[in-house]
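K.L.:
Got a predicted model here, sequence first, then my questions.
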Amino acid sequence: MDFYKRAALVCQQIPRGKAASYGQIALLCGKPKNARQVGYALSHGLAGEDVPAHRVVNAKGILSGAAAFATADLQKQMLQHEGVEVFWTEDGWRVDLKKDGWKNTMEDALYLREEFSKKGI
DNA sequence: GCACTGACGCGGG
DNA sequence: TCCCGCGCCAGTG
C-alpha cells in the first residue's frame, strides 16, 4: 500500500529532537483519517526499519506503549537523548507537543509532495 | 463477504 | 479541561 511508503517518508522528515502525532503523519500522507494505519504500519515495520518511529506519538503527546521497541522505555530514552523532555504521567510517558512538537512547514509539505510524485506514490 | 481489531482523532457535554 | 462516544479504514481470521 502506497500509504505506508508515504508514511515512511514523512517520518523521516521529522527533525531530530521533535515529535509528531499519528494524525499529523496521516495528514501529510494525504489521508487525514488514517491515523490508525500509521500506528499499524510502524508497529509492524511496514514502513521500513530506518524510520524514527520513536518520534511518533498520539495527539495528546503520549508515548503509546512500546509495541515496536525492544524494551519498554527505549522510546523514552531515545527521545531524551535527542533533547526532548519526557514527563511521566498516570497515562504513561508524555512529551510536550507545545514545545517539542514538530511544526511542519510549507517547505516540508512541498518537499514531501515532490518526493511522492517522484517515487510514484 | 462479514465481523472484529487497533501505537488514533475529534466534537460534544 | 477532562471524559465519553462515535467515526475511521486497512488487516486479519
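P.N.:
Yep, it's here. Numbering: from 1, shown residues only, chains lettered A, B, ... in the order given.
K.L.:
Kindly report the residues of chain A close to DNA strand C.
P.N.:
Counting by C-beta under 7 Å from any atom of the strand, the residues of chain A close to DNA strand C are A:1, A:3-4, A:31, A:33-37, A:40, A:44. The C-beta positions use only the backbone N, C-alpha and C, and glycine is treated the same way.
K.L.:
right, and out of these, which lies closest to residue A:93?
P.N.:
For the residues of chain A next to DNA strand C, the minimum distance to residue A:93 (C-beta to C-beta) is 19.4 Å, reached by residue A:35.
K.L.:
Tell me which residues touch that closest one, please.
P.N.:
Listed by C-beta atoms under 8 Å, 6 or more residues apart in numbering, the contact partners of residue A:35 are A:21-23, A:25-26.
K.L.:
Repeat the analysis, applying 7 Å as the threshold.
P.N.:
Residues near residue A:35 by C-beta atoms under 7 Å, 6 or more residues apart in numbering: A:22-23, A:26.
K.L.:
From DNA strand C, how far out is residue A:39?
P.N.:
10 Å (C-beta to the nearest atom of the strand, to the nearest Å).
K.L.:
Could you identify the pair within the residues of chain A next to DNA strand C that is furthest apart?
P.N.:
A:33 and A:44 (19.2 Å).
K.L.:
All set, thanks.
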